[in-house]
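J.: Sequence first, then the predicted structure:
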Amino acid sequence: MNKHRNGLFIGLPALLVASLQFSTLLPSPAVAQTSPVNKPLEMGGAESIARLPDLTTTTAGEPLLYLSTPDPVISSDILTIPPGGVSRWMTHPVPAFVYVLQGDLTVQFTDGTEKTFHEGDVLLQPRAGWHRGRNEGRGPLRFLAVFMGAKGVPGILHPPSGPLVAK
C-alpha cells in the first residue's frame, strides 16, 4: 500500500509538470488578442506590403484546382511581349498565376472573347481553354507567370500545329 502511495505522489507532480509544459504550447485567446504581434506595421520594419486579391477562378471562369502529386514543383518565368506582339496559343495543365509587371496584357480566347489586364493586376490562366496573350500597347509587356505543378508536367502546352481560330 505504501509503494502505491509513493508511486501516486511521484506520478502526480510529473503529470502536473507535463500538463503545464503542454499548456504553454496551446494558444491563449486573451494573449493573442492583445499581443503586439497582431500589429506588424507598428513593429518598425522598413517593408511595405501591397495586398493582391485572392483568386479562386481562372480568366475563363474555371474553379481553382490544385494538382495532387508526390513531386510538387513551383516554376516561374518572366515573359516579355514587344509592342504589337502576340504569343502562341496555349493552355496550362497546372494552376498558372500571372502578375502583370509592365504594360497591358490582353488575353484572347479561341471564341474571340478578350480580357485585358493592366500593370499590377493578377490572374489565373485557364487550364482547359486555349488562349494567347497580346500586347496592343506602345511599350513592352512584361509579366511574371508562376506554375504550381509537378516534376515532368509542363506548365504550358501549345497546339501541335496550325491556327486555332480563323482571324
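T.: That came through, no problem.
J.: Worst mean pLDDT across the helices and strands of this structure, which element?
T.: Within the chain, confidence by mean pLDDT, DSSP states H and E is lowest for helix 29-34 among all helices and strands, at a mean of 31.
J.: right, and the helix or strand after it?
T.: Downstream of helix 29-34, the first helix or strand assigned by DSSP states H and E is strand 72-81.
J.: For that following strand, give the mean pLDDT please.
T.: Average pLDDT, strand 72-81: 95.
J.: Off-centre distance for it?
T.: Distance of strand 72-81 from its chain centroid, counting by CA atoms, centre = their mean, to the nearest Å, is 13 Å.
J.: dump the residue contacts of the residue nearest to Tyr66 when sequence neighbours are not counted.
T.: Spatial nearest neighbour of Tyr66, excluding adjacent residues (CB to CB, 6 or more residues apart in numbering): Pro95 at 6.7 Å. C-beta coordinates here come from the backbone N, C-alpha and C atoms, glycine included. If you count contacts by CB atoms under 8 Å, 6 or more residues apart in numbering, Pro95 has them with 64-67, 124, 127, 147-149.
J.: repeat that for 7 Å
T.: By CB atoms under 7 Å, 6 or more residues apart in numbering, the contact list for Pro95 reads 64, 66, 124, 148.
J.: And the first one, how close does it get to Pro126?
T.: Same thing as Leu64. 11 Å (CB to CB, to the nearest Å).
J.: Tell me which of these two has more neighbours.
T.: The neighbour count for Leu64 versus Pro126, taken as other CB atoms under 10 Å, is higher for Pro126 (20 against 14).
J.: What score does the residue nearest to Tyr66 have for pLDDT?
T.: So Pro95 comes in at 94 (pLDDT).
J.: Low-confidence regions, this structure specifically.
T.: The model of the chain has pLDDT under 70 over residues 1-43, 162-167.
J.: if we go to 80?
T.: Within the chain, the segments meeting pLDDT under 80 span 1-44, 161-167.
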